[in-house]
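Enquirer: Whatever this is, show me its structure:
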Amino acid sequence: MRIKITKNLVLPAQLFDTESVPEALFPEGDYLANLTPEGKIEVMNTRKTKALFSFSQLREKVSLGEFVVVEI
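Expert: The predicted model follows:
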């Protein structure tokens, strides 16, 4: 899936080795998003940084206009 972030956001994030990062900048633009085995939406900022969202959190971001689903 591809999503577009419509404005710069600072989101809680993780490094791919599961180390937590307090916050990471997700600049406005297009991002690859995947469904994880745990049922979360994983939005990748870089090859090593990702933010995880539940479906309800993703739906909230879309309703606020912060995220736009570009491709499923």
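Enquirer: Sketch out the low-pLDDT regions of this protein for me.
Expert: 17-18 (pLDDT under 70).
Enquirer: Could you give the number of residues near Lys40?
Expert: Lys40 has 17 neighbouring residues, counting by other CB atoms under 10 Å. Bear in mind the C-beta positions are built from the backbone N, C-alpha and C, glycine included.
Enquirer: Can you point out the helix or strand that includes the residue nearest to it when sequence neighbours are not counted?
Expert: Take Lys40 and drop its neighbours on the chain: the residue closest to it by CB to CB, 6 or more residues apart in numbering is Leu52, 4.6 Å away. In the assignment (DSSP states H and E), Leu52 maps to strand 49-53.
Enquirer: and that strand, what does it pack onto?
Expert: strand 9-15, strand 20-26, strand 41-44 (3 or more CB pairs under 8 Å, 6 or more residues apart in numbering; DSSP states H and E).
Enquirer: okay, these, which one's buried deepest?
Expert: Ranked by mean neighbour count under mean count of other CB atoms under 10 Å, the helices and strands packed on strand 49-53 are led by strand 41-44, which reaches a mean of 20.
Enquirer: What lies in contact with it?
Expert: Residues from elsewhere that reach strand 41-44, judged by CB atoms under 8 Å, 6 or more residues apart in numbering: 1, 3, 11, 26, 31-36, 50-55, 57-58.
Enquirer: now with 7 Å?
Expert: Here strand 41-44 makes contact (CB atoms under 7 Å, 6 or more residues apart in numbering) with 3, 31-36, 50-53, 55, 58.
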